[in-house]
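**Student:** my questions are about this predicted structure, shown below with the sequence.
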Amino acid sequence: MLGGILEALFPKRCAGCGAGPWPFCGPCRRLVVVLEPPWCGRCGAPSTRSVRACRHCPPEAIARARAPFLFEGPVRRAVHRLKFAGWRPVAEALGGAMVAVCEDRPDVATWVPLSRRRLAERGFDQARALAVVVARELDVPVVPLLRRVGDPGPQARRGGPARRAAMRGTFEAVSTPPRRVLLVDDVLTTGATAGACAEVLLGAGASEVGVLTAARAVSGAPSILGPGPASGSVVARGGGSPVVDASRGRSDPRKPTLGR
């Protein structure tokens, strides 16, 4: 009975358009941009060649950042369905893909917390939902290590330096973190929010903070990473089929999938 109620409340439809089959229908899958090498070794931003660092890199407090997808098209819509509509099945689809690109072996996973006001408005914390899935798949604890004590207001129209300045003093630690922490959020843009969290965690006792998000927002991404098969890979089918590396003609289990 409970399963039927949950299915009625949170139906498993295409996370991109809400109409096709779960987790992404064929038309939406073809528009998903998978992030894969060549990329920036530190922040995972797409690049025409492999580099150690790039102009998109987040603040130095972040040891490494990874995301499976570019924040556009169906993935953008999926994140918005999770973030603003609380469509919980999206967390399962995106969280599984996030684990596929996670290079960290953390002691614990945590998340970027919402403010009390935002949580009251939405009734749902999308970053926590993703962190629960990621921690489960990595077999590590998921622990609330941070609390938001300030509200810098909307960040969308601010550039990187303005965002970083606005985020100072926004978070505080609620407990002593272990050495290696994986910080989970929905989207990485400038890294100002994640960087502010990482600085607090390092100050509280962590020795390394990695960041894992569902998507990466990057301006001026190179055309080599066009959507779908044009990027050299076929985005995963539902039901857990592996991604096929078109250049080798064999499955590559390391690439992100959108189904389990």
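**Tutor:** Received, thanks.
**Student:** nearest residue to K12 other than its sequence neighbours?
**Tutor:** W22 (4.0 Å; Cβ to Cβ, 6 or more residues apart in numbering). The way it works is simple: take the backbone N, C-alpha and C, and place the C-beta from them, glycine included.
**Student:** whoops, I mixed them up, L82
**Tutor:** In space, L82 is closest to V90, 4.1 Å off (Cβ to Cβ, 6+ apart).
**Student:** wait, that neighbour touches A78, no?
**Tutor:** Yes - contact status for V90 versus A78: in contact at 5.2 Å, counting by Cβ atoms under 8 Å.
**Student:** where do the contact lists of these two overlap?
**Tutor:** A15 (Cβ atoms under 8 Å, 6 or more residues apart in numbering).
**Student:** re the thing from before, what helix or strand is the residue nearest to L82 located in?
**Tutor:** helix 89-100 (DSSP states H and E).
**Student:** beyond that helix, next helix or strand please.
**Tutor:** Beyond helix 89-100 toward the C-terminal end (DSSP H and E), the next one is strand 108-111.
**Student:** other SSEs contacting the next helix or strand after that next one?
**Tutor:** On the C-terminal side of strand 108-111, the closest following helix or strand by DSSP H and E is helix 116-122. Of the remaining helices and strands, none touches helix 116-122 by 3 or more Cβ pairs under 8 Å, 6 or more residues apart in numbering; DSSP states H and E.
**Student:** go ahead and name everything in contact with the next helix or strand along the chain from helix 116-122.
**Tutor:** Downstream of helix 116-122, the next assigned helix or strand under DSSP H and E is helix 126-138. By Cβ under 8 Å, 6+ apart, the residues outside helix 126-138 that reach it are 79, 82-83, 86, 88, 91-92, 94-96, 98-99, 102, 105-106, 108-114, 141-142, 144, 182, 184-186, 212, 214.
**Student:** report the buried residues of the helix or strand following helix 126-138.
**Tutor:** Using DSSP H and E, the helix or strand that directly follows helix 126-138 along the chain is strand 146-148. For strand 146-148, the neighbour count (16 or more other Cβ atoms under 10 Å) marks 146, 148 as buried.
**Student:** could you list the paired strands of strand 146-148 along with their orientation?
**Tutor:** strand 171-173 (antiparallel) (DSSP bridges).
**Student:** buried stuff in the strand it pairs with?
**Tutor:** 171, 173.
**Student:** done for today, thanks.
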